[in-house]
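**Student:** model this:
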Amino acid sequence: MNSRWVFRGCASKAFECKPSAGRGAEFDPRHERQLFQDFKREARLHVAMPGATDWDWLALGQHYGLPTRLLDWTTNPLIACFFAVASQPANEDAIVYAHPLGGSSMIDPERGPGPFEIAEVGFLLPSALAPRIASQKGLFSAHPDPASAWTPPGMAENSFEIPRDTRAVFQRNLFQLGVDAAHIWASLEGVCLSLTWQYRLRIGLGAAL
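**Tutor:** Sure, this is the predicted structure:
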């Protein structure tokens, strides 16, 4: 594949490409905007981001779990596979979506519309806000209607299922390739997640010799 493809891994085929802001209760764009404004106000107590655009703040919120109109993607298919097989629920067929990017798909944070003014789905390459985003080769899709699942042409054809009974083996193989929580999270939390997984399955250094 050429480098213009991006990938998203999901633990279940039932999971739609729908941003977290639009899941669950009935979506109200006014509440979404208020949540974002509250986040920016309170986040400034913890991070210094002089000159940051609303896109930067939105990407930061997405990174730390804020409900937003963004979805996580990666340019590395193996990282997408890791999220597909290592996430919950673990007893369902997982799936990796692939999507080709065109030049018009990319969002220009400096010149284009803001997050709440976009008219169609676009992709955002975030600033280096956190090591984890860089280590995951991450980028985001931005959705004008977070309550609607995104199903672009070719989505079904450009998807790869990972049967539930192969997920454990798949994750072991990814580990052998250096794709695990320690490298993807790029933090002490990731190191502990990876070592815990090794310990429970008696793999590598976590196993008794």
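**Student:** mind listing what Trp197 touches?
**Tutor:** Residues in contact with Trp197 (C-beta atoms under 8 Å, 6 or more residues apart in numbering) are Ala86, Gln171, Asp180, Ala181, Ile203, Gly206. Heads up, the C-betas are built off the backbone N, CA and C, glycines and all.
**Student:** buried residues in whichever strand or helix holds it?
**Tutor:** Element membership of Trp197 [criterion: DSSP states H and E] is helix 188-201. Under the neighbour-count criterion of 16 or more other C-beta atoms under 10 Å, helix 188-201 has Gly190, Leu193, Ser194, Leu195, Trp197, Gln198 buried.
**Student:** got it, and stretch 42-61?
**Tutor:** Neighbour counts using 16+ other C-beta under 10 Å place Ala43, Ala52, Trp55, Asp56, Trp57, Leu58, Ala59, Leu60, Gly61 of stretch 42-61 among the buried residues.
**Student:** now for those residues: which two are most distant?
**Tutor:** The largest separation in these, counting by C-beta to C-beta, is between Ala43 and Trp55 at 14.3 Å.
**Student:** so who does Phe175 touch?
**Tutor:** So Phe175 contacts Gln198, Ile203, Gly204 (C-beta under 8 Å, 6+ apart).
**Student:** what's the neighbour count on the last one?
**Tutor:** Other residues near Gly204 come to 15 when the count uses other C-beta atoms under 10 Å.
**Student:** contacting residues for it?
**Tutor:** Per C-beta under 8 Å, 6+ apart, neighbours of Gly204: Phe175, Gln198.
**Student:** do a quick rundown of the strands in this protein.
**Tutor:** With DSSP state E, the ranges of strands along the chain come out as 5-10, 70-74, 94-100, 122-124, 138-142, 159-162.
**Student:** low-confidence bits of this protein, can you list those?
**Tutor:** By pLDDT under 70, the low-scoring segments of the chain are 1-3, 128-136, 205-209.
**Student:** what are the ranges of the helices in it?
**Tutor:** 29-43, 54-63, 77-86, 131-135, 167-176, 181-185, 188-201 (DSSP state H).
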